[in-house]
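Enquirer: Build me a model from this:
(chains A and B)
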Amino acid sequence: MRKTLLESLTHGSLTEPAPAPDESALAELATKVDRAAQARLGRSLAIREVDAGSCNGCELEIHALSNAFYDIERFGLRFVASPRHADVLLVTGPVTKNMRQALERTYNATPDPKWVVAVGGCAIDGGIFRGSYACVGGVSETVPVDLHIKGCPPSPTDLLKGLLALLEHVSGKR
Amino acid sequence: MGILDSIPHVNAVSSHRPWPRAVVTEAGWQAAIDRLVGGGLTLLGFWGEPAAVHLAMLDGGSAEIAVVTYACTAGTFPSVASSHPPALRLERTIHDLFGLVPTVAGDLRPWLDHYVWGKSYPLSGRNASRDVQPYQFLPAEGEALHQVAVGPVHAGIIEPGHFRFTANGEHVVRLEQWLGYTHKGIESLMQGASLEAAAKLANRTSGDSAVAYAFAFARAAEAALDIEVPRRATCLRALMAELERLANHFGDIGAICNDASFALMHAQTGILRERTLRAADAAFGHRLMMDVVVPGGVARDIAPDGIPALRTLLAEIKKVFPRLIELYDNTASLQDRTVTTGIVKADYARQFGAGGYVGRASGRNFDARRTLAYAPYDQLSFEVPVLEAGDVNARVWIRIREVEQSVELIAQILDLMEPGEIRTALPAGRGACEGLALTEAFRGDVLVWLRLDGELRVERCHLRDASWFQWPLLETAIEGNIIADFPLCNKSFNCSYSGADL
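Expert: Numbering: from 1, shown residues only, chains lettered A, B, ... in the order given. Just a heads-up that it's a prediction; the model follows:
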C-alpha cells in the first residue's frame, strides 16, 4: 500500500484542466433560471442523481466524473444521497411509467431553489424508447427541466461542460 | 444423444438455427420440466408469444442447447415455476406481458407490471384488463421483526429497484426484491423494427453490456440468416467484448472495496477503468463501444491509432494491476469484510444456472466463451477461473483472474488479427427464420432469441440477461448477514436492473 500511496505523491496529478462551460447550455439556462435564486447559492451545488429508467450507460459516465481525471468535487459539485440535501436533480432515462411517481416524489422532496438537469438522449424526448407503452418520454413531461445534456451517453467531459455552465450561471458570473 | 431425443415432441422447426426448436405437447413439456428439476438440464431462457411459450435448455455436459415450444391453445400452459423455482420471475413476466396463465400457479403477483402502463398484457394483442391489487410482499413471522423498505430511488448513483428487508435487530431474516422500475418495453419496440433499429435497442438493454448484447443480437440474426461473418470482424468483436469486461471488472473491484470503505482501491481501479474507456474510444470511436457490432460484422474497423492505444493500455494494466491485487490480498480490514460474507451455496448456483462471477465463485464451471466456443474464442487460449467459497471475496477473485485473462486475450487477438473484410451483406428474401445465440457478458451469459420475417425485420425478439438467475440468489446470500453488509453483497453481484426489467 505504501508504494501505491508514495507513487501518488511523487507522480504528477492525473486531473485534467477544466473544460470551458458549454455555450449552448449557458444560452438555455439564461432563459430559464431565476436570477433571484442565483444569489442564494455560492459556487457549490449538491447533486442528487435519479435514474428514471436509463439503460445504465449514463450512470457509468456520471460515475466517471468522480475519478481522478475529472475530479468533479474540485468545482464544488458533489453527489448527495438524499433529494432533501440537493440543489440539483440529475435525471437520466426515458422516464418509464413505473418510475414516474418516484421521480415526481423525488422532485417534491427537493427544497427550493432547485434545478433539474436532464442527461442523455432518452431524457430529452425518450430517445429510442419513445413511443413505448411503458415510457413517458422525456423528463420535461414529468418535471420542469432547466438544462439538457445531450449524448448517448454524454461523455464525462460533456457532462462537466454542462454542469460548469450551470454553476457559472447559478453563481451569477454570467 | 440430443436433448430432444429424450423429450417427446410433435415436430422440429426447420428454420431455427443453430440449435433445434421443437413443438411439444403437454407430455413433452412435462418431460422438459422434469429434466430441469432433476438437474440434467439447466434453464437458459423462458419467454412468451401471444399464443405460445418457449423454454431454452442447456445440457452442460455436452454443451448442447434445445428450445421446446408449447402452444397455449386455451391461453394456459403447465407451470414451470411451481416445480422449478428459477423460472418464477420469468413466468410472472410472461403473465404480465402476454396474459398467458400457468396452470397450478403458486405466485402470480405482477412482476414488471406496476399497473401504470394504461393497459394490461401489452404484448398479447388483446384488450383484456387485469384486476388491480396492492402488491403483497411475502410474509416473515416471528418476535421482534421489523421491516426496512429501500428504493426505488437509492442513495448512490445506481439503478432503481425496491428492496424489502425483514430484520431481527441487525440480521436480515428475509430480503425480497421488487423490480421492473426500468421496464421500457424493449421487446415491444423491437417488434416490426428493422435489424438496424433493433440492434440499437439491443445495445441499450443494459448499457454496461452494450457490446455483449450487440454481439449476441448480431450472432442470433446471423444464425437465423445462416451467414458467416468475416474473420476480422469476429476478432474485432472479441476485442471490444474483452475491453468491456476489463472496464466493468475494474469498476466493480473498486466499487466493492469502496463499499467496505477502502477508497484507495476505488481511486486506483477508477484510473484503470478510465484508461480502458479512453483506449476503447480511441480504437472504436465510442467509450462504451455502442453500435459498433452490427448484424453481418462490425460497422467500422479499428482506428489506425487504436492498436498502439490498446498496447499502451495493456502495458499500463500489467504494471499497475499486480500491485492492486497485492493491496487487496494484504489488507486485513478489507478481507475482514469480504471473506465469508454473502455466501451463495453451490447447489443454488447450479440449480439457477447462475452465470458469470456469481456462478463461477460458487463452483459452477460455465463460461459461454469456452463451453459454447463461439468465434473467435474457439481459436483463442484462455482459462476460466472457478472457486468454491461463494462469498464476496470469491466474487472479487474471479474478477481479478478474469482481468488477467482478458489482458492476455486482447494481446492474442491483436497478434492474430489479419487485414480483411469486416462486414457481410445480409441476404434479403430468405423467408422467415429464427436464431438463438449466447455471449458471455462481464456479468454472465446473455441470451438472444429472434424470429425474422422475410424482409429483414424483427418479428419477435427476446433478450435474457444473466441477472434473471442472479437476483434471486442475492436474496439467499444476504440471509443471516447484517443489513450493513447488503451494499457490499449487492455490489459483488452487480446485477443489471435495466437488463432484467427490459
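
Enquirer: And for the residue in chain B positioned nearest to chain A, the neighbour number?
Expert: Going by C-beta to the nearest C-beta, chain A is nearest to residue B:207 of chain B, at 2.7 Å. For the C-beta atoms, the positions are set from N, CA and C on the backbone; glycine is no exception. Using other C-beta atoms under 10 Å in any protein chain shown, residue B:207 has 26 other residues around it.

Enquirer: roughly how far apart are it and residue B:325?
Expert: Using C-beta to C-beta, to the nearest Å, one obtains 28 Å as the distance from residue B:207 to residue B:325.

Enquirer: which residue packs closest to the residue of chain B closest to chain A, ignoring adjacent ones?
Expert: Counting by C-beta to C-beta, 6 or more residues apart in numbering or on different chains, the nearest residue to residue B:207 once its immediate chain neighbours are dropped is residue A:57, at 2.7 Å.

Enquirer: thought that neighbour was touching residue B:289?
Expert: No - contact criterion C-beta atoms under 8 Å: residue A:57 and residue B:289 do not qualify, at 10.9 Å.

Enquirer: what residues do these two have in common as contacts?
Expert: residue B:210 (C-beta atoms under 8 Å, 6 or more residues apart in numbering or on different chains).

Enquirer: ok, now which ones touch residue B:282?
Expert: B:303, B:305, B:306, B:309.

Enquirer: where's it, which helix or strand?
Expert: Here residue B:282, judged by DSSP states H and E, is contained in helix B:263-284.

Enquirer: Could you tell me which of the contacts of residue B:282 belong to helices?
Expert: B:306, B:309 (DSSP state H).

Enquirer: ok, and the most crowded of the contacts of residue B:282?
Expert: Busiest of those [other C-beta under 10 Å] is residue B:306, holding 20 neighbours.

Enquirer: From residue B:181, how far off is that residue?
Expert: 37 Å.

Enquirer: same thing with residue B:72?
Expert: Taking C-beta to C-beta, one finds residue B:72 at 28 Å from residue B:181.

Enquirer: same deal with residue A:141?
Expert: 17 Å.

Enquirer: Among those two, which residue is more densely surrounded?
Expert: Using other C-beta under 10 Å, the more surrounded residue of residue A:141 and residue B:181 is residue B:181, with 26 against 14.

Enquirer: before we move on, the earlier item: now the element after the helix holding residue B:282, going C-ward?
Expert: Counting by DSSP H and E, the next helix or strand C-terminal to helix B:263-284 is strand B:293-294.

Enquirer: Please enumerate residues in contact with that next one?
Expert: Contacts for strand B:293-294 (C-beta under 8 Å, 6+ apart): B:196, B:199, B:211, B:214, B:215, B:218, B:237, B:240, B:299, B:423.

Enquirer: Look up the residues forming beta bridges with the last one.
Expert: In this case it means residue B:423. Under the criterion DSSP bridges, residue B:423 forms beta bridges with residue B:297.

Enquirer: right, and it touches residue B:232 too?
Expert: No - contact criterion C-beta under 8 Å: residue B:423 and residue B:232 do not qualify, at 9.5 Å.

Enquirer: Who has more neighbours out of these two?
Expert: Counted by other C-beta under 10 Å, residue B:423 and residue B:232 do not tie: residue B:232 has more neighbours, with 21 against 17.

Enquirer: By mean pLDDT, point me to the weakest helix or strand of chain A.
Expert: Ranked by mean pLDDT, DSSP states H and E, the weakest helix or strand in chain A is helix A:35-38, scoring a mean of 51.
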